[in-house]
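> here's a sequence, model it:
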Amino acid sequence: MRDKIPNLVIPETRNRRRRLSVAASVPPEFVELTSMAVKTHAPLVRGGGQDLAQKSDLKGMFEEGK
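Here you go, the predicted structure:
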C-alpha cells in the first residue's frame with residue numbers, strides 16, 4: 001500500500017487513529033464542494049497542498065478498494 005499512496009503515514013497512537021477516523025468520516029459531497037471552493041477562490045489555497053488532479057487520483061484509488 002505504501003508504494004501506491006505517496007506520503008502514507010499510519011498513526012501510531014490510538015488517539016491519533018481516532019482523530020484520523022473522525023476526519024475521514026467527512027461526507028464526499030463536502031470534500032468535493034471544498035475542493036471546488038479552493039479552486040475558484042485563490043485566497044483559500046494553502047501552499048504545499050495537493051492539487052485537484054492528485055486529489056482525484058487518490059479518490060479513485062480509495063473508491064476502487066470499496
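> give me the element the spatially most central residue of the chain is part of.
Nearest to the geometric centre of the chain sits Lys55, at 6.5 Å (C-alpha atoms, centre = their mean). Assigned by DSSP states H and E, Lys55 belongs to helix 52-64.
> shaky segments in the chain?
1-2, 45-52, 61-66 (pLDDT under 70).
> and the helices in it?
For the chain, applying DSSP state H gives helices covering 14-24, 28-40, 52-64.
> what about the shortest one, distance to the chain center?
Its chain's C-alpha centre lies 14 Å from the corresponding centre of helix 14-24 when counted by C-alpha atoms, centre = their mean, to the nearest Å.
> for it, list every residue counted as buried.
Within helix 14-24, no residue counts as buried by 16 or more other C-beta atoms under 10 Å. Heads up, the C-betas are built off the backbone N, CA and C, glycines and all.
> still on that earlier bit, which one of the helices of the chain lies closest to Asn7?
Closest of the helices of the chain to Asn7 is helix 52-64, at 10.4 Å (criterion: C-beta to C-beta).
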